[in-house]
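**Student:** Coordinates for the following, if possible.
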Amino acid sequence: MWSSDPDGVENYYSMLKEHDNEITAEVVTDRGIEALPNIELYMVRQHMLEGHETEAAILTDSLLEHYPESLVFMGGRGRGGRWVTVQEALDRIAAEQ
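**Tutor:** Modelled structure (predicted):
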């Protein structure tokens, strides 16, 4: 879904963070998933792939601080995705590196 437009994801994230309040904290995507933790997770993965460890670390800290109980959707290579905790998702991303 987002992989075809990483810049669009960054812009959407910036817009949501610009209006950081209770309303944007509850925004969901068109598929009904909690937007901010899923976007931050996507951006962590992108930054790791691009070698931007500092940016990935900032977003990782944000995920762990603000969304420790959130579930995020992780797609698998060649298989369907599943819901996992933020920590499990971050562990899987770290293992991919």
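
**Student:** count of neighbours near residue 12?
**Tutor:** As a burial measure, residue 12 scores 16 neighbours (other CB atoms under 10 Å). From N, CA and C alone the C-beta is placed, and that goes for glycine too.

**Student:** Now do the buried residues in stretch 35-52.
**Tutor:** 35-48 (16 or more other CB atoms under 10 Å).

**Student:** And for stretch 56-72?
**Tutor:** The neighbour-count check on stretch 56-72 (16+ other CB under 10 Å) flags 56, 59-60, 62-63, 67, 70-72 as buried.

**Student:** Now the two most distant members of those.
**Tutor:** 56 and 71 (20.5 Å; CB to CB).

**Student:** Among the buried residues of stretch 56-72, which one lies nearest to residue 5?
**Tutor:** Residue 5 has its nearest neighbour among the buried residues of stretch 56-72 in residue 59, at 18.0 Å by CB to CB.

**Student:** Secondary structure element holding that closest one?
**Tutor:** Using DSSP states H and E, residue 59 falls within helix 53-66.

**Student:** Quickly find the element holding the nearest residue to residue 84 once chain neighbours are set aside.
**Tutor:** Closest residue to residue 84 apart from its sequence neighbours, by CB to CB, 6 or more residues apart in numbering: residue 74 at 5.4 Å. Using DSSP H and E, residue 74 sits in strand 71-76.

**Student:** Please name the residues that touch residue 87.
**Tutor:** 64, 68 (CB atoms under 8 Å, 6 or more residues apart in numbering).

**Student:** average model confidence for the helix or strand hosting it?
**Tutor:** According to DSSP H and E, residue 87 maps onto helix 86-96. The predicted model assigns helix 86-96 a mean pLDDT of 90.

**Student:** That one to helix 53-66, inter-axis angle?
**Tutor:** On the basis of axes from the mean of the first three to the mean of the last three CA atoms, to 10 degrees, helix 86-96 is oriented at 160 degrees to helix 53-66.

**Student:** Pull helix 86-96 out as CSV, backbone CA atoms only.
**Tutor:** Provided in CSV are the C-alpha atoms of helix 86-96 (Å, rounded to 0.1, in the frame of the first residue of the first chain):
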residue,chain,number,x,y,z
VAL,A,86,5.0,-3.0,18.3
GLN,A,87,7.8,-4.7,20.1
GLU,A,88,7.5,-7.9,18.1
ALA,A,89,7.4,-5.9,14.8
LEU,A,90,10.5,-4.0,15.8
ASP,A,91,12.2,-7.3,16.7
ARG,A,92,11.4,-8.7,13.3
ILE,A,93,12.7,-5.6,11.5
ALA,A,94,15.9,-5.8,13.5
ALA,A,95,16.3,-9.5,12.6
GLU,A,96,15.9,-8.6,8.9
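
**Student:** Thanks a lot, see you next time.
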